[in-house]
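Student: Structure, please.
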Amino acid sequence: MKKQHWRAGNMLYPLPAVMVSCAREGEKPNIITAAWVGTICSDPAMVSVSIRPERYSYQIIRETGEFVINLTTKELAYATDYCGVRSGRDVDKFLETGLTAEKAQHLKYAPVIGESPVNIECRVTEVKELGSHHMFLAEVLGVSVDEAYLNEKGRFELNRTGLIAYSHGAYLTLGDSCGSFGYSVRKKRPGNAEAPRSTEKESRKRNEKERNFDRDARRGQEHNRRHSGKGAGKGLHRRGSGNPKGRRTSSQ
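Tutor: So this is what the prediction gives:
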């Protein structure tokens, strides 16, 4: 593979294309589209959003210390792009896109976008002034999800929502699955197909059966050693030990 060598630059793609909503008290709410976003910690749940200081939303978030990350879908692609190329200084983005500003559960000012399948409410904990962008580090206070994507067991199926990503100037829908977390180390079925994932309950049952079998096997071996030549056939009957006369053993 022959490669060209370029100067340093941002080539980390694809990225989530999200709409970040914010507001000041008594003013119209605003939306800024951002791709420089990410998860930075699991416990406590924390995210980051990097914004240029000259952006209209920057000062709002800096002053209020709160914002909402709203995930986007194919149906929201137009609004996502619009909110990234128009300034809230000049237009009311909620009005122009037809999006709905709804009250957040944990924030005082910033609204959630009603049409987004997932709303992540955030409180700023730190601002890092890095250069062209300042990074807002934030704690996740709560997450709201669209009930339409809950399956019959109440599990949220995020990948059915039609999420989009941003890659090198283009908005893309997500493609077909090529695996799932941990599939590289799961036992394969014939034909090298991915083995079905067992539930946690099934795994516990299987492990318990294996432990019980090992325990019984050890007991049987000890019994045979103590009673060698004196009716050893009455011990544990294990697979592969055989029972040629079809006699009933103590394990049946």
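
Student: And stretch 40-47, what's buried?
Tutor: Residues of stretch 40-47 classed as buried under the neighbour-count rule (16 or more other CB atoms under 10 Å) are Ala45, Met46, Val47. C-beta: built from backbone N, CA, C; applies to glycine.

Student: Ignoring the adjacent residues along the chain, who's closest to the second one?
Tutor: The reference is to Met46. Spatial nearest neighbour of Met46, chain neighbours left out: Ile40 (5.0 Å); criterion: CB to CB, 6 or more residues apart in numbering.

Student: Spell out the secondary structure type for the one you found.
Tutor: Following DSSP: H, G, I helix; E, B strand; the rest coil, Ile40 is assigned to strand.

Student: just to revisit the earlier point, in JSON lines: the buried residues of stretch 40-47, plus distance to Ile120, secondary structure and pLDDT.
Tutor: As requested, those are arranged in JSON lines below (distance: CB to CB, whole Å; DSSP: H, G, I helix; E, B strand; the rest coil; pLDDT from 0 to 100):
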{"residue": "Ala45", "distance to Ile120": "9", "secondary structure": "coil", "pLDDT": "98"}
{"residue": "Met46", "distance to Ile120": "11", "secondary structure": "strand", "pLDDT": "98"}
{"residue": "Val47", "distance to Ile120": "7", "secondary structure": "strand", "pLDDT": "98"}
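
Student: Go through those residues and name the one nearest Val185.
Tutor: Ranking these by separation from Val185, with CB to CB as the measure, puts Ala45 on top at 26.6 Å.

Student: Next one: the residue nearest to that closest one when sequence neighbours are not counted relative to Glu25, how far apart?
Tutor: Nearest residue to Ala45 in three dimensions, chain neighbours excluded: Val140, at 3.9 Å (CB to CB, 6+ apart). From Val140 across to Glu25, the span is 23 Å (CB to CB, to the nearest Å).

Student: Confirm that Tyr82 sits in a helix.
Tutor: Yes. Under the criterion used here (three-state DSSP), Tyr82 sits inside a helix.

Student: Next one, pLDDT for it please.
Tutor: Note for Tyr82: predicted pLDDT of 98.

Student: what about it, how many neighbours?
Tutor: The number of residues packed near Tyr82 is 17, by other CB atoms under 10 Å.

Student: Might you report the residue contacts of the residue nearest to Ala45?
Tutor: With contact taken as CB atoms under 8 Å, 6 or more residues apart in numbering, Val140 is in contact with Pro44, Ala45, Met46, Val47, Ile120, Glu121, Cys122.
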